[in-house]
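Undergrad: Sharing a model that was predicted from the sequence below.
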There are 2 protein chains.
Amino acid sequence: MIKILLLGSTGSIGTSTENCIRRYRDQFSLVGISVNRRIESALNQINEFSVSHISVGTDDAYNQFPRDQYSSVTLYKGDEGLLQMAEELDYDVLVNALVGSVGFAPTVAALKRGKKVALANKESLVVGGEVIARVMKEFGGTLLPIDSEHSAILQCLNGEESKTIESMTVTASGGPFRELPSDQFSKISVETALKHPTWAMGPKITIDSSTLMNKGFELIEAHHLFDISFDQLKVVVHPQSIIHSMVTFTDGAVMAQCGLPDMELPIQYALTYPKRLPITSPRLDLATLGSLTFFEPDYNRFPCLNLCIEAGRAGGTVPAVLNASNEIAVELFLNRKIAYVDIAKIVSEACELHTRQDALSLEQIISVDRETRSLVREKYGR
Amino acid sequence: MIKILLLGSTGSIGTSTENCIRRYRDQFSLVGISVNRRIESALNQINEFSVSHISVGTDDAYNQFPRDQYSSVTLYKGDEGLLQMAEELDYDVLVNALVGSVGFAPTVAALKRGKKVALANKESLVVGGEVIARVMKEFGGTLLPIDSEHSAILQCLNGEESKTIESMTVTASGGPFRELPSDQFSKISVETALKHPTWAMGPKITIDSSTLMNKGFELIEAHHLFDISFDQLKVVVHPQSIIHSMVTFTDGAVMAQCGLPDMELPIQYALTYPKRLPITSPRLDLATLGSLTFFEPDYNRFPCLNLCIEAGRAGGTVPAVLNASNEIAVELFLNRKIAYVDIAKIVSEACELHTRQDALSLEQIISVDRETRSLVREKYGR
């Protein structure tokens, strides 16, 4: 029985994780969950899976929680609650499906206990990859990717020697603006930016997908997850999202993991790695699809991609600045305070103004993160 | 140092194997070779790799061999010579690149000695798969595929549990007549049939590729190599030949091995399996290729595919009849004695007229093979 702590339990990754647990109730149990505000969904999960611990994000939601009816459930609160659960609970796997850099501290806490972390929260690695690497070196712990690209790479590496890895190619759907002429980018509205062609996800990651910032984050993640240099990391735009990513080996062989878009596969794979458990889902039929297409990414129309590569190469505190400035910029765009094209400009400016420091600790990274947020919010959020 | 016995040393697989040995002279040595007629090429190989044993196919070529100049080289002759080398020589891997069912006996002989067999000779498994399975059960030995499709599947299975395999998809270039309307098949000439769109190979296998008989053989091979049922084997036409084959797992994940067409990769992989050694070759660049296309195979225009599946399902002596009748039919077509469309008709008729027996021994299979050849040659070869 694998005991799961699921942080971010009511988002798209959270509910897909729920489906995996539901599929194999004899193999998985849910010991703790967290929600930001959605108390009603949380209560359903508590009832269905007999969850004994919950952390609630906002004060309002926390106060709404019906303590009397759920007296056996231990209640936590806010970012601190997430961290406490990761530090205190009895679990085998932390499924970290939190959005934003708030996910970083629980990841570190779980790894410090030598736990397995199934990571959908990409900010953990984007802002804190170097810190996490040190924690894992000292305390052990296992980091397994949940998103389809890194899960694909993990599957491609199965049974292979690391010295034979030549390069890794992350595929990108290209987002909704793949074919949009560059002079139209200034007119992009919140509504059009929220329509992703392949995946249904939360608003923050949907915007990040449309700017290719998300793809750039994935390069930084891959760099840390698989200990590979940015020179060995490539991106190819593949609108059908059927090939989820690839690894090229030194003999020229390319291993690719493919399939219809289905988040439950990488989640379940992370939970049971390196084993697989059956999933009854529609299967890939290439003859019916007919064709798969591939393009070079356009670094001019999508400047966020290069911003990520540069920040990733710089390392230290720079990726934390990249991520924090992007989080606030996306928030400002969603609140219609800035234009779509301003997202990249704000991130670029924040990275340029920042004086790089070596990444020393979780606390330092969190402080750089907060500082960057205040700066960006102050300058553009009025 | 891996000692290699290379049967069929001057064909396309043979010379690609030579290149692999040349690339890693410190890891591979060539202890024996065989040629049918090409004495001059054989002498070059003997000189370059200090080969100590050779078998020569035809009487004429055997008599031409300059024994005086090569007194230290042990000379063998004919089909018997191939078998003797497999039985007597000191080697680690038999690379069986023979064409036709003549390759069956040396495969069995090597496996009976517990050797590793890198198999390009598909007839070994097509005609004798059941016998080979029994030999391997009794004597051990390892069978590793050399062709790109089965090598791809082998690579996809790396690190995976066999119980999680759901199906295997063999890709097919579709051959030169993929788009030819069915009413044009009766006019296909030897010259057009010998032009394969992707691979440069010998005439027999080029014709087999054009009829998709070769693809059908590959299904029978996959059935034996990977112990998988015909219900779990699929074919998809993929004209670019970039995805070399795929495996679908029970969780819906599809692993695919891809690359530019390069026979040296599967050969070297079979020699060093499960390790990889670097090969400097042009790398796959999907963005430059632009697109990959996929089609259902057309079982009506390419009846050989179903003939193979039926013969494979029937098992016993039927696949031997399928193969022998095809070998003679292709020979008759190349000698302009029959039309292109007669190949499938002759094979179909031979299989229908045959009374299936259980496959008991190499000798029985060889006798069925000879009988079928005589019958077909007698009936159509005048």
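TA: All right, it came through fine. Numbers count the residues shown, from 1 in each chain, chains lettered A, B, ... in the order given.

Undergrad: for the stretch 201-350 of chain A, what spans make up the strands?
TA: A:233-237, A:243-249, A:254-258, A:291-293 (DSSP state E, counting those that start in this stretch).

Undergrad: possible to save the ones you listed as JSON lines with mean pLDDT and distance to chain B?
TA: All C-beta atoms are positioned from the backbone trio N, CA, C, and that covers glycine. Shown next, in JSON lines, are these (pLDDT from 0 to 100; distance: least, Cβ to the nearest Cβ, whole Å):
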{"stretch": "strand A:233-237", "mean pLDDT": "98", "distance to chain B": "5"}
{"stretch": "strand A:243-249", "mean pLDDT": "98", "distance to chain B": "5"}
{"stretch": "strand A:254-258", "mean pLDDT": "98", "distance to chain B": "4"}
{"stretch": "strand A:291-293", "mean pLDDT": "98", "distance to chain B": "5"}
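
Undergrad: Shouldn't residue A:75 be within a strand?
TA: Yes - counting by DSSP: H, G, I helix; E, B strand; the rest coil, residue A:75 is found in a strand.

Undergrad: who's in contact with it?
TA: The contact partners of residue A:75, by Cβ atoms under 8 Å, 6 or more residues apart in numbering or on different chains, come to A:54, A:55, A:56, A:62, A:65, A:67.

Undergrad: out of these, which is most surrounded?
TA: residue A:55 (28 neighbours; other Cβ atoms under 10 Å in any protein chain shown).

Undergrad: That residue in helix, strand or coil?
TA: Going by three-state DSSP: residue A:55 is strand.

Undergrad: Near the residue of chain A found nearest chain B, how many other residues are there?
TA: Minimum separation of chain A from chain B (Cβ to the nearest Cβ) falls at residue A:159, amounting to 2.8 Å. Close neighbours of residue A:159, defined as other Cβ under 10 Å, add up to 13.

Undergrad: what's the helix or strand for the closest residue to it other than its chain neighbours?
TA: Spatial nearest neighbour of residue A:159, chain neighbours left out: residue B:159 (2.8 Å); criterion: Cβ to Cβ, 6 or more residues apart in numbering or on different chains. Secondary structure assignment for residue B:159, by DSSP states H and E: no helix or strand.

Undergrad: one step back: surely the residue of chain A closest to chain B and residue B:161 touch.
TA: No - in this structure residue A:159 lies outside contact range of residue B:161 using Cβ atoms under 8 Å: 11.2 Å.

Undergrad: Spell out the residue ranges of the strands in the stretch 1-150 of chain A.
TA: A:2-7, A:28-35, A:53-56, A:74-77, A:93-96, A:116-119, A:142-145.

Undergrad: Give me the below-cutoff pLDDT ranges for the stretch 51-200 of chain A.
TA: In the predicted model of the stretch 51-200 of chain A, residues A:196-200 satisfy pLDDT under 70.

Undergrad: Next to chain B, which bits of it? Give me the list.
TA: Residues of the stretch 51-200 of chain A lying close to chain B (Cβ under 8 Å from any Cβ of the partner chain) are A:155, A:156, A:158, A:159, A:160, A:161, A:164, A:166, A:169.

Undergrad: just the buried members of these?
TA: Among these, those classed as buried by 16 or more other Cβ atoms under 10 Å in any protein chain shown are A:155, A:156, A:158, A:160, A:164, A:166, A:169.

Undergrad: can you redo those residues as a markdown table with distance to residue A:191 and secondary structure?
TA: Below are these laid out as a markdown table (distance: Cβ to Cβ, whole Å; DSSP: H, G, I helix; E, B strand; the rest coil):
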| residue | distance to residue A:191 | secondary structure |
| --- | --- | --- |
| A:155 | 36 | helix |
| A:156 | 37 | helix |
| A:158 | 41 | coil |
| A:160 | 44 | coil |
| A:164 | 47 | helix |
| A:166 | 42 | strand |
| A:169 | 32 | strand |
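
Undergrad: Can you lay out those as JSON lines showing distance to residue A:42?
TA: Below are those laid out as JSON lines (distance: Cβ to Cβ, whole Å):
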{"residue": "A:155", "distance to residue A:42": "32"}
{"residue": "A:156", "distance to residue A:42": "36"}
{"residue": "A:158", "distance to residue A:42": "36"}
{"residue": "A:160", "distance to residue A:42": "41"}
{"residue": "A:164", "distance to residue A:42": "46"}
{"residue": "A:166", "distance to residue A:42": "46"}
{"residue": "A:169", "distance to residue A:42": "39"}
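
Undergrad: Now for the closest residue to residue A:70 other than its chain neighbours, how many residues are close by?
TA: The shortest distance from residue A:70 to any non-neighbouring residue, by Cβ to Cβ, 6+ apart, is to residue A:46 (6.5 Å). Neighbours of residue A:46 under the rule other Cβ under 10 Å: 22.

Undergrad: hmm, back to that, tell me the most buried of the strands of the stretch 1-150 of chain A?
TA: strand A:93-96 (a mean of 28; mean count of other Cβ atoms under 10 Å in any protein chain shown).

Undergrad: Pull the distance from it to the chain's centre.
TA: Taking Cα atoms, centre = their mean, to the nearest Å, one finds strand A:93-96 lying 12 Å from the centre of the chain it belongs to.

Undergrad: and what of stretch A:279-286?
TA: The answer for stretch A:279-286 is 24 Å, by Cα atoms, centre = their mean.

Undergrad: what do you get for stretch A:243-256?
TA: On Cα atoms, centre = their mean, the centre of stretch A:243-256 falls 23 Å from the chain's centre.

Undergrad: Does anything pack onto the strand or helix carrying residue A:351? Which helices or strands?
TA: Residue A:351 is part of helix A:342-353, with elements assigned from DSSP H and E. Packed against helix A:342-353 by the contact rule (3 or more Cβ pairs under 8 Å, 6 or more residues apart in numbering or on different chains; DSSP states H and E) you find helix A:203-211, helix A:303-314, helix A:318-334, helix A:362-380.

Undergrad: Find the one among those with the highest mean neighbour count.
TA: helix A:318-334 (a mean of 26).

Undergrad: helices and strands around that one, which ones?
TA: helix A:122-139, helix A:190-193, helix A:203-211, helix A:213-225, helix A:303-314, helix A:342-353, helix A:362-380.

Undergrad: what is the mean pLDDT for it?
TA: Taken as a whole, helix A:318-334 has an average pLDDT of 96.
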